[in-house]
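S.K.: Give me a model of this one.
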Amino acid sequence: MRRVQSGFTLMELVVVITILSILAAIALPKFAALQTEARIAKMNSTLGSIKIAAVLAHSVQLTQQLTLDTDITMEGSVIAMTNGYPTTALASIGTAAGLANGTVAIAGFVPVATSATVFTVTPDVMHANCAVTYTPSAVVGTSPTYDNAGLTAANCQ
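M.R.: Next up, the predicted model:
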């Protein structure tokens, strides 16, 4: 009587391993590119939050008929203002945008005040050049400036 054997032959296993290796070699670079694109999208949405926070703070100041340098309160947090827009002092713009609580960063972002007049946000400490910045209005009647020039594939990979 012949015995029926079950299982895979060595050749079948080699073929399966070869196919999986080829698929992995093709998929890994695409996966890495998706992480870079996701990081750039995250930082663009962060810039959108900063823009909205600046406009909202400006509108609160206007509707309350306050002078341009009078601090406002948004959701229980004091937001320092200058020329009608949030300053970088005590991360006021970061607090207004929900990226910081005073000088303490919210998880997932690294707000860094690189100077007294520029508020910079990076996605994490490993991607310091993948950043967006906010510069408060320096002249009465002008809007703040925003910059996302650092959001390149080279900086965010």
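
S.K.: Would you map the helices across this protein?
M.R.: 10-63, 92-97, 153-156 (DSSP state H).

S.K.: name the helices or strands packed onto the longest one?
M.R.: Under the contact definition 3 or more Cβ pairs under 8 Å, 6 or more residues apart in numbering; DSSP states H and E, helix 10-63 sits against strand 72-74, strand 85-86, helix 92-97, strand 119-122, strand 132-135, strand 145-147, helix 153-156. The C-beta positions use only the backbone N, C-alpha and C, and glycine is treated the same way.

S.K.: From residue 19, how far off is the closest residue to residue 78 other than its chain neighbours?
M.R.: Nearest residue to residue 78, sequence neighbours excluded (Cβ to Cβ, 6 or more residues apart in numbering): residue 71, at 5.4 Å. Remark: distance between residue 71 and residue 19 (Cβ to Cβ, to the nearest Å) = 64 Å.

S.K.: show me the contacts for the residue nearest to the spatial centre of the chain.
M.R.: The residue lying closest to the centre of the chain (Cα atoms, centre = their mean) is residue 43, at 3.1 Å. Listed by Cβ atoms under 8 Å, 6 or more residues apart in numbering, the contact partners of residue 43 are 121-123, 130-132, 148, 151, 156.

S.K.: Apply 6 Å and report the result again.
M.R.: If a contact means Cβ atoms under 6 Å, 6 or more residues apart in numbering, then residue 43 has 123, 132, 151 as its contacts.
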